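Colleague: Below is the structure, and that's it, no one-letter string:
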């Protein structure tokens, strides 16, 4: 399945200007990174110039308590508001449905505490064994307090989830379905719209972990339809923040987790900690970047920019992933985890080796390849597909600023190391 807005992707009919893209990232100008191809983007991306500039400006010109009447404070608050307004528009949701937190892990934990008080006796929560532990763990721990937790299991051969298996679980009284837009090791892009529609037809709410998908283009969360969508801005070219969309009908139904006097403000109900003013303000730089990318390629701003940049990024990634996936699938000493079809997965390529994966990642470093080995907090899916966790997996992950030359260099290096 091709993915547009996280659903089905319509070809953008133009090529991404990779030279322009890389000029937006100061990392590519650093002498220490010359000759180094970055393939651990699933763990965190380089930060775009627009975010860095905003962060520097805030710390040098606005580093005061925001929302007071004097200029430095007033402007700082306006920049924080700008980030929320523009990112919500790009994600296709109302402004107050988007909130910031210190991390996605923390946002899921706080949300789980609200659900703990909301869920009725006898109801269940569905989780998957395809998830990163940060999304799955807080829901699973509710079982210690008597909540029924059901596991939607992946196919042990492919690592993928199947709707028929979810449909069987939904025959029970399910209050909430939690799943990833795509896994950080399997890479398969799940059909969020179809899963959401099936879950809602059974009366369940839907929570989607978008951490591993959002770096490949902001989805239209409003069109996809889940009640909650979460991702991490340090993986989407921004600062270290967790971004959570929670739709207003369920957000106001859940018990307030913030200060009592903030209970009528949706974007503050699930952020009990104080906001990081500078990082929130700097998050508007992500909107700057996608607007600039769209304008450079002849498109519009706001939601239109998000859609166009999504398609440009995905087209470029799919093109680069095709030869890499073919290469890995043909290697007898390597087992590719997840689909071989580049259009059905994120460019997060996970390999089970005959040797220790961390050693393999270390051996790639002298070749100028920055990659990682281990379990990547995804022990459940790796164990489910039969990976030896003591050996772990080698993961090479890239995004839209990766070049064909870097992918070619990766394959040459893999030939020598494997």
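Modeller: The structure has been received and is ready for your questions. Predicted, not measured: the structure shown is a model, and the values here were computed from it.

Colleague: In the stretch 151-300 of the chain, where is pLDDT below threshold?
Modeller: Applying pLDDT under 70 to the stretch 151-300 of the chain flags no residue at all.

Colleague: thought residue 349 was touching residue 187?
Modeller: Yes: taking C-beta atoms under 8 Å as the definition, residue 349 is a contact partner of residue 187 at 6.9 Å. Any C-beta I mention is one placed from the backbone N, CA and C, and that applies to glycine too.

Colleague: Look at residue 162 and say how many residues are nearby.
Modeller: Using other C-beta atoms under 10 Å, residue 162 has 12 other residues around it.

Colleague: ok, it - contacts?
Modeller: Taking C-beta atoms under 8 Å, 6 or more residues apart in numbering as the criterion, residue 162 is in contact with residue 155.

Colleague: For the residue nearest to the spatial centre of the chain, pull up the helix or strand it's in.
Modeller: Among the residues of the chain, the one closest to the centroid is residue 211, at 1.8 Å (C-alpha atoms, centre = their mean). According to DSSP states H and E, residue 211 maps onto no helix or strand at all.

Colleague: Next up, the contacts around it.
Modeller: 104, 132, 134, 135, 180, 184, 230, 231, 232, 235.

Colleague: if we go to 6 Å?
Modeller: Neighbouring residues of residue 211 by C-beta atoms under 6 Å, 6 or more residues apart in numbering: 104, 231, 232.

Colleague: Kindly report the same for residue 98.
Modeller: 84, 87, 88, 245.

Colleague: distance of the most far-flung residue of the chain relative to its centre from residue 282?
Modeller: Here the centre of the chain is the reference, and by C-alpha atoms, centre = their mean the most remote residue is residue 70, at 37.1 Å. According to C-beta to C-beta, to the nearest Å, residue 70 stands 21 Å off from residue 282.

Colleague: which SS class is residue 376?
Modeller: What DSSP: H, G, I helix; E, B strand; the rest coil gives for residue 376 is coil.

Colleague: that older thread, could you pick out the buried ones from the contacts of residue 211?
Modeller: 104, 231, 232 (16 or more other C-beta atoms under 10 Å).

Colleague: Which ones among those map onto helices?
Modeller: residue 104 (DSSP state H).

Colleague: okay if I get the buried ones among the contacts of residue 211 as a markdown table plus distance to residue 200?
Modeller: Formatted as a markdown table, these follow (distance: C-beta to C-beta, whole Å):
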| residue | distance to residue 200 |
| --- | --- |
| 104 | 23 |
| 231 | 21 |
| 232 | 26 |
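
Colleague: any idea which of the contacts of residue 211 is closest to residue 63?
Modeller: Set against residue 63, the nearest of the contacts of residue 211 by C-beta to C-beta is residue 232 (23.8 Å).

Colleague: Verify the contact between that closest one and residue 105 for me.
Modeller: No: taking contacts as C-beta atoms under 6 Å, residue 232 lies outside contact range of residue 105: 8.7 Å.

Colleague: which SS state does residue 294 fall under?
Modeller: Per three-state DSSP, residue 294 ends up helix.

Colleague: what about it, neighbour count?
Modeller: The burial count for residue 294: 21, using other C-beta under 10 Å.

Colleague: ok, it - contacts?
Modeller: Per C-beta under 6 Å, 6+ apart, neighbours of residue 294: 305, 308, 309.

Colleague: so how far is residue 282 from it?
Modeller: On the measure of C-beta to C-beta, residue 294 and residue 282 end up 20 Å apart.
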